[in-house]
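Engineer: Build me a model:
(chains A and B)
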Amino acid sequence: MKKLFPLAILLASLFGLSSCSNLKAYEKIKLKDAEMELGARTAEKFEQNFQLYREGSSGANGGKSGGGCGCN
Amino acid sequence: MKYISLTLVALYFSIISSFAQTSKRDSVPYEKTKLKFEQADLVNSYYHQDGNNSAVTGGIGTEKLTDFSNTFDLRMSRYGKTGLKHTYNFELGVDTYTSASSDKIDPTTITSPSYSDVRVYPSLSWDIANEQKGHSFGFNVSASAEFDYTSIGGGVHYSKSTADKNTEFDFKLNAFFDTWKVILPVELRAPENYGAGGYLQNDRAPRNSFSAAFSLSQVFGKNFQGLLMFEPAYQQGLLATRYQRVYFKDALNNQPRAELLPEQRVKFPIGARLNYFLGDQVILRTFLRYYSDNWGISSQTAEIETAIKLSPFASVSPFYRYYQQSESDYFATYGQHSLTEEFYSSDYDLSKFNSNYYGAGLRFAPPAGVLGISRISMIELRYGHYTRTNGLNSNILSMNLRFK
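Structural biologist: Numbering: from 1, shown residues only, chains lettered A, B, ... in the order given. A predicted model of the protein is given here:
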């Protein structure tokens, strides 16, 4: 859990500072680019699957967190 | 598999043609509209792995495995009388694999039925969105069937965005109710050879999984946005893979037992994505995750992908992912477990290791359609190479065709 702490502080700071940002719709052209999407690419679907099978951890990546198949 | 892929494509075109005359939504608010095709994705992938730590043979032996996976995902929507947008997603997946290690469940046969298998998994979701108020909720159901494993799943979700759409909160609940037909290694099927505890040959064993996902996405600036996700999960039932052998240092005649693991597992993953548009041609996509569970595994994942725009419609995306995990409390290598231990496994997926995964993607989305076919709006190809410090390595090639 100690390793998580700096990451949590960094992310909390970023999300805390977000109130400074108040963009209008026309200012979001770059954010709406298909490759700026905040998720794994559709083409990554099966990459996430084999990682789920071959690694002991899962979840919090938009993929499965367990169940639904004979995987962990 | 070529037949299955062609069938999926044919299914897509038949559905498209049935909606070809759908009228467009006019400017009058709250007018009910007909179901409209939005998008379809066909994803195919070929995966091959090799290694020498097969859990079926106690942590030694070939891990050679080949998997060919396909999904077809169809999205349609309509507006209801009250102005709510209803979106329906239907997905059908078909995977086929061959596994040299699964063939060792019963090595007395030349090629046992467990050498290969097919998995079919349909799912359906329904999302209802109030676009003016910025919130939506929805439901999903899923099923999965393979030779020894069946699953029924369901879930709900709710999301709410701020008026300026710079912040969005999303909450999901999912449950899977799975049944595993227990298969033991051939020499352990007689009760006197069976060992201690756990399910027997041909038992129907439950495995239930529940998860809750909380995510917060935030726009930080004109070219910077991020997402924070926490997804605790709880699993209960048969979590061991009973056809995996474990060998002990103190067993008579080196007699193995079937893998035995606790029937409960609690997982705590937390992940974050940060995407940054650098200048006009480069997008940095990053992912970080920390994971911990009650089996003693903790892991860290860091991933970066750089999408370089060769033109407004084409990009190349090299990527690199680093992963490390600690060893589960229940893992030991071949012949290192003791018969006095309550739980035991020699599955190297639960061992301590680091992995590196790297490759590149190519994406084309020309305005006139791929190869001039207007219905095919995008094609993406990806190749990745995966290596694990305990010797396992694999390659995966994926293709995504998008239809609009």
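
Engineer: Got phi/psi on the closest residue to chain A within chain B?
Structural biologist: Minimum separation of chain B from chain A (Cβ to the nearest Cβ) falls at residue B:209, amounting to 2.7 Å. Placement of C-beta: from N, CA and C, glycine included. According to degrees, to the nearest 10, the main-chain angles of residue B:209 amount to phi -130, psi 130.

Engineer: same thing with residue B:200?
Structural biologist: With angles defined as degrees, to the nearest 10, residue B:200 sits at phi -100, psi 170.

Engineer: circling back to that earlier point, phi first, then psi, for the closest residue to the residue of chain B closest to chain A other than its chain neighbours.
Structural biologist: In this structure, residue B:209 finds its nearest non-sequential neighbour in residue A:67, 2.7 Å apart by Cβ to Cβ, 6 or more residues apart in numbering or on different chains. Summarising the backbone geometry of residue A:67 under the convention degrees, to the nearest 10, its torsions are phi 90, psi 160.

Engineer: Let me know whether residue A:67 touches residue B:152 as I believe.
Structural biologist: No. Using Cβ atoms under 8 Å, residue A:67 is not in contact with residue B:152; the gap is 10.3 Å.

Engineer: got any residues that touch both of the two?
Structural biologist: B:176, B:178 (Cβ atoms under 8 Å, 6 or more residues apart in numbering or on different chains).

Engineer: and the two? which has more neighbours close in?
Structural biologist: Each of residue A:67 and residue B:152 has its neighbours counted (other Cβ atoms under 10 Å in any protein chain shown); residue A:67 has more, 26 against 15.

Engineer: residue contacts, the more buried one?
Structural biologist: Counting by Cβ under 8 Å, 6+ apart, residue A:67 touches B:151, B:153, B:174-176, B:178, B:207-209, B:211, B:235.

Engineer: try it again with 10 Å
Structural biologist: With contacts taken as Cβ atoms under 10 Å, 6 or more residues apart in numbering or on different chains, residue A:67 has the following neighbours: A:58, B:142, B:144, B:151, B:153, B:174-178, B:207-211, B:233-235, B:237.

Engineer: Any of those residues buried? List them.
Structural biologist: When neighbours are counted using 16 or more other Cβ atoms under 10 Å in any protein chain shown, the contacts of residue A:67 contain these buried positions: A:58, B:142, B:144, B:151, B:153, B:174-178, B:207, B:209-211, B:233-235, B:237.

Engineer: So which of those sit within strands?
Structural biologist: Residues from the buried ones among the contacts of residue A:67 lying in strands, with DSSP state E as the criterion: B:142, B:144, B:151, B:153, B:174-178, B:207, B:209-211, B:233-235, B:237.

Engineer: so who does residue B:343 touch?
Structural biologist: B:197-198, B:240, B:246, B:259-263, B:295, B:328-331, B:337.

Engineer: Go back to those and keep what's next to chain A.
Structural biologist: On the criterion Cβ under 10 Å from any Cβ of the partner chain, B:295, B:328, B:331 are the entries of the contacts of residue B:343 that sit beside chain A.

Engineer: thought the last one was touching residue B:296?
Structural biologist: Read it as residue B:331. Yes. In terms of Cβ atoms under 10 Å, residue B:331 counts as a neighbour of residue B:296; the distance is 8.5 Å.

Engineer: who's more crowded, these two?
Structural biologist: Set residue B:331 next to residue B:296 and count neighbours by other Cβ under 10 Å: residue B:331 wins out with 26 against 14.

Engineer: burial measure for the residue nearest to that one when sequence neighbours are not counted, as a count.
Structural biologist: The spatially closest residue to residue B:331, leaving aside those adjacent along the chain, is residue B:350, at 4.4 Å (Cβ to Cβ, 6+ apart). Burial of residue B:350, expressed as a neighbour count using other Cβ under 10 Å, amounts to 25.

Engineer: again, but for residue A:62
Structural biologist: Other residues lying near residue A:62 total 19 when counted by other Cβ under 10 Å.

Engineer: Can I get the buried part of the contacts of residue B:343 as one ChimeraX selection?
Structural biologist: Below is the selection syntax for ChimeraX that covers the buried ones among the contacts of residue B:343, with 16+ other Cβ under 10 Å defining burial:
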select /B:198,240,246,259,260,261,263,295,328,330,331,337
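
Engineer: Okay, and which of the contacts of residue B:343 map to strands?
Structural biologist: Counting by DSSP E, these place residue B:246 in strands.

Engineer: Next one, pLDDT for whichever residue of chain A sits closest to chain B please.
Structural biologist: Going by Cβ to the nearest Cβ, chain B is nearest to residue A:67 of chain A, at 2.7 Å. Reading off the confidence values, residue A:67 has pLDDT 72.

Engineer: got it, and residue B:99?
Structural biologist: In the prediction, the pLDDT value recorded for residue B:99 is 85.

Engineer: Residues that sit against both of residue B:331 and residue B:296, list them.
Structural biologist: With contacts taken as Cβ under 10 Å, 6+ apart, the residues that reach both residue B:331 and residue B:296 are A:56, B:350.

Engineer: where along the chain do the helices fall?
Structural biologist: This is for chain A. A:4-17, A:45-54 (DSSP state H).

Engineer: switch to chain B, that's the one I care about
Structural biologist: Listed in chain order (using DSSP H), the helices of chain B are B:2-18.

Engineer: List the residue ranges of chain B that fall below the pLDDT cut-off.
Structural biologist: Within chain B, the stretches with pLDDT under 70 are B:1-30, B:108-114, B:192-197.

Engineer: What sits closest to residue B:100 if chain neighbours are left out?
Structural biologist: Spatial nearest neighbour of residue B:100, chain neighbours left out: residue B:64 (4.1 Å); criterion: Cβ to Cβ, 6+ apart.

Engineer: Would you confirm that that neighbour contacts residue B:56?
Structural biologist: No. Residue B:64 is not in contact with residue B:56 according to Cβ under 10 Å; the separation is 11.6 Å.

Engineer: Comparing the two, which residue is more hemmed in?
Structural biologist: When residue B:64 and residue B:56 are compared on other Cβ under 10 Å, the one with more neighbours turns out to be residue B:56, at 25 against 16.

Engineer: Would you mind listing the residues in contact with the more buried one?
Structural biologist: Residues touching residue B:56, when contacts are defined by Cβ under 10 Å, 6+ apart, comprise B:62-63, B:99-105, B:107, B:114, B:185, B:241, B:243-245, B:259, B:346-347.
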